[in-house]
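Engineer: Here is my input, please return the structure:
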Amino acid sequence: MSPLERKTNKAPKTPKVRLRPRIDASARREAWKKHYVHLPALRDPLNEGERHSTWLESLFDLAFAGAVGNLAVELARSYDFWALAHFLVLLVPILWSWIGQTFYSTRFDANDIWQTFFAIAQMGCVGGMAIYGAQSLSVGSKFFAISYAMCRLILIIQYVRTAQYIPKAWAYCMGTAYGFSIAMLLWVASVFVPEPYRYGVWALAMGIDLMTPQLLVKHNQYIKVHSSHIPERFGLLILIMISDIFVTQVNALASQKLDFMTLTLGALTFFVALATWWDYFEAVGGADPRGMDDKNTMHAFTAWMYLHFPYGAGLVLISGFARYGIMHGDIGKLTLSQTGVFTIAAVLVLLTPLFLWYSLPHHFGRKDHFQLGFRYMYQLVLIIPTAFAAYYFGVLAGLAALCFVFLVRFVAQMSDSSLATYFKQAKQEEALSAND
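Structural biologist: Got it, this is the predicted structure:
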């Protein structure tokens with residue numbers, strides 16, 4: 001058979017069968033929008049049940065861990081009053097950026113592609129604050145202000161976008177956007193103001209930022225926060241700051257020649273970190289669920305939120321103090337400036353948990369609990385003359401011992417009531433099981 005005949009007698013090809021149906025472009029876009037794009041919605045804490053942090057929120061927290069860690073490293077270079085002022089000027093805007101996004105998420109988080117985009121953009125701004133915050137204020141203050149202003153601008157865009165879709169939250173969202181916009185414009189304007197007047201503009205802008213939520217507190221009755229989500233988020237923030245103590249000490253020890261004294265300093269710092277962890281989460285219930293159901297609980301919640309500023313600052317100051325001693329090998333007598341900074345750190349770390357405990361709704365405003373707490377304050381006075389008279393090693397050992405005494409006394413004070421509650425619950429469970 002010739003090639004021509006074979007070609008003409010060839011069997012026809014079987015048509016291919018498409019296993020997947022053809023989807024037009026419009027249907028594909030609609031499916032993508034339905035899966036990844038959601039409109040902002042007002043979250044209802046009463047009907048949501050228990051709520052935990054999302055993976056995006058955890059990633060967002062890690063960006064702030066890097067920023068706070070940079071501040072601790074910069075603080076440990078000199079550890080004096082100038083370093084303390086530099087640290088506080090930068091820490092408050094960084095923490096307020098975290099709080100702003102956290103409260104927006106707990107109220108309006110849609111968990112979509114736009115929320116992810118805004119969070120990642122804010123992480124980039126936080127990275128800018130961390131980079132320029134590690135430099136001296138005369139060098140990096142302009143770029144730090146721009147980074148913070150960009151972070152606030154992203155949050156403002158989120159609130160304006162949310163106001164368009166939730167009429168019930170329009171007044172709250174637009175009021176928040178107006179207040180934050182005024183503060184943001186002041187931060188941008190501070191770039192053109194010479195030092196040291198620039199920091200006065202920062203203080204004014206930060207005051208407007210902090211007061212804006214308080215001026216809109218009347219809207220909290222219908223725009224509520226989740227009673228377990230927000231405490232968990234703040235608990236993770238404190239956990240990050242405590243873990244930063246471990247990280248900074250490990251990095252400092254890894255770069256030094258290890259001897260008995262250096263290892264002892266690291267062990268004492270490790271114990272102080274563990275004590276602060278137990279004190280916040282177990283002793284005073286800093287991350288226990290709480291809400292804003294009435295006026296009393298609203299005031300308690302506000303006090304609890306703002307108390308995290310001094311407590312977080314104290315944790316980072318303790319981290320910087322321990323790192324300073326390890327890096328410089330300075331176990332001699334402290335200077336007056338170093339003593340003052342350490343005293344501030346000790347007061348913040350040891351006393352703030354006491355007021356966090358008072359901010360619990362069933363403790364808030366009760367005078368008998370204040371009488372209970374102030375009985376322990378006399379122990380704190382011991383740390384001040386010790387810091388002025390002792391050496392670096394003795395001061396850190398004294399802080400560790402004082403943390404231990406605080407824990408023991410607190411456990412001894414609360415054990416009777418805790419055991420009584422435990423046995424009461426056990427009896428109730430036995431009675432219920434007997435009835436069944």
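Engineer: Domains in this structure, by residue range?
Structural biologist: Domain segmentation of the chain under automatic domain parsing yields 50-223, 227-429.
Engineer: Pipe those domains into JSON lines and attach mean neighbour count, mean pLDDT and distance to Leu39 per row.
Structural biologist: C-betas here are computed from N, CA, C, even on glycine. Conversion of the domains of the chain to JSON lines gives the following (neighbours: other C-beta atoms under 10 Å; pLDDT from 0 to 100; distance: least, C-beta to C-beta, whole Å):
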{"stretch": "domain 50-223", "mean neighbour count": "18", "mean pLDDT": "86", "distance to Leu39": "5"}
{"stretch": "domain 227-429", "mean neighbour count": "17", "mean pLDDT": "71", "distance to Leu39": "20"}
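Engineer: Looking at these, spot the one closest to Leu42.
Structural biologist: Across those, Leu42 has its closest neighbour in domain 50-223 (5.2 Å, C-beta to C-beta).
Engineer: and the end-to-end length of the closest one?
Structural biologist: Using C-alpha to C-alpha, to the nearest Å, one end of domain 50-223 lies 18 Å from the other.
Engineer: a markdown table for the domains of the chain, including distance to Ala41?
Structural biologist: Formatted as a markdown table, these follow (distance: least, C-beta to C-beta, whole Å):
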| stretch | distance to Ala41 |
| --- | --- |
| domain 50-223 | 6 |
| domain 227-429 | 15 |
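Engineer: all helices for the stretch 1-150 of the chain, in order.
Structural biologist: For the stretch 1-150 of the chain, the helices defined by DSSP state H, counting those that start in this stretch cover 3-8, 25-36, 45-48, 55-75, 81-108, 113-133, 137-165.
Engineer: Which helix or strand contains Gly286?
Structural biologist: Secondary structure here is read from DSSP states H and E; on that basis Gly286 sits in neither a helix nor a strand.
Engineer: For it, which non-adjacent residue is closest in space?
Structural biologist: The spatially closest residue to Gly286, leaving aside those adjacent along the chain, is Tyr280, at 4.3 Å (C-beta to C-beta, 6 or more residues apart in numbering).
Engineer: Would you check that the one you found makes contact with Ala287?
Structural biologist: Yes: counting by C-beta atoms under 8 Å, Tyr280 touches Ala287, with 7.4 Å between them.
Engineer: Spell out which residues are contacts of both of the two.
Structural biologist: Listed as contacting both Tyr280 and Ala287 by C-beta atoms under 8 Å, 6 or more residues apart in numbering are 235, 238.
Engineer: could I get the helices of the stretch 1-150 of the chain as TSV with distance to Tyr172?
Structural biologist: Compiled in TSV, the helices of the stretch 1-150 of the chain are given as follows (distance: least, C-beta to C-beta, whole Å):
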stretch	distance to Tyr172
helix 3-8	78
helix 25-36	27
helix 45-48	15
helix 55-75	21
helix 81-108	9
helix 113-133	18
helix 137-165	8
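Engineer: and Gly314, which of the ones you listed is closest to it?
Structural biologist: helix 81-108 (11.0 Å).
Engineer: what inclination does the closest one have with respect to helix 137-165?
Structural biologist: For helix 81-108 against helix 137-165, the angle by axes from the mean of the first three to the mean of the last three C-alpha atoms, to 10 degrees is 10 degrees.
Engineer: What helices and strands are in contact with helix 81-108?
Structural biologist: Where contact means 3 or more C-beta pairs under 8 Å, 6 or more residues apart in numbering; DSSP states H and E, helix 81-108 is packed against helix 55-75, helix 113-133, helix 137-165, helix 197-215, helix 229-254, helix 308-328, helix 336-358.
Engineer: Cys173 is nearest to which of those?
Structural biologist: Using C-beta to C-beta, the helices and strands packed on helix 81-108 put helix 137-165 closest to Cys173, at 3.8 Å.
Engineer: Which elements pack onto the helix or strand hosting Ala183?
Structural biologist: Element membership for Ala183 (DSSP H and E) is helix 170-189. The contact analysis (3+ C-beta pairs under 8 Å, 6+ apart) places helix 170-189 against helix 137-165, helix 197-215.
Engineer: The shortest one vs helix 137-165, what angle?
Structural biologist: Right, helix 197-215. Using the same axes, to 10 degrees: helix 197-215 against helix 137-165 is 30 degrees.
Engineer: mind checking which of the helices and strands packed on helix 81-108 is nearest Ser105?
Structural biologist: Closest to Ser105 of these is helix 55-75 (C-beta to C-beta; 6.4 Å).
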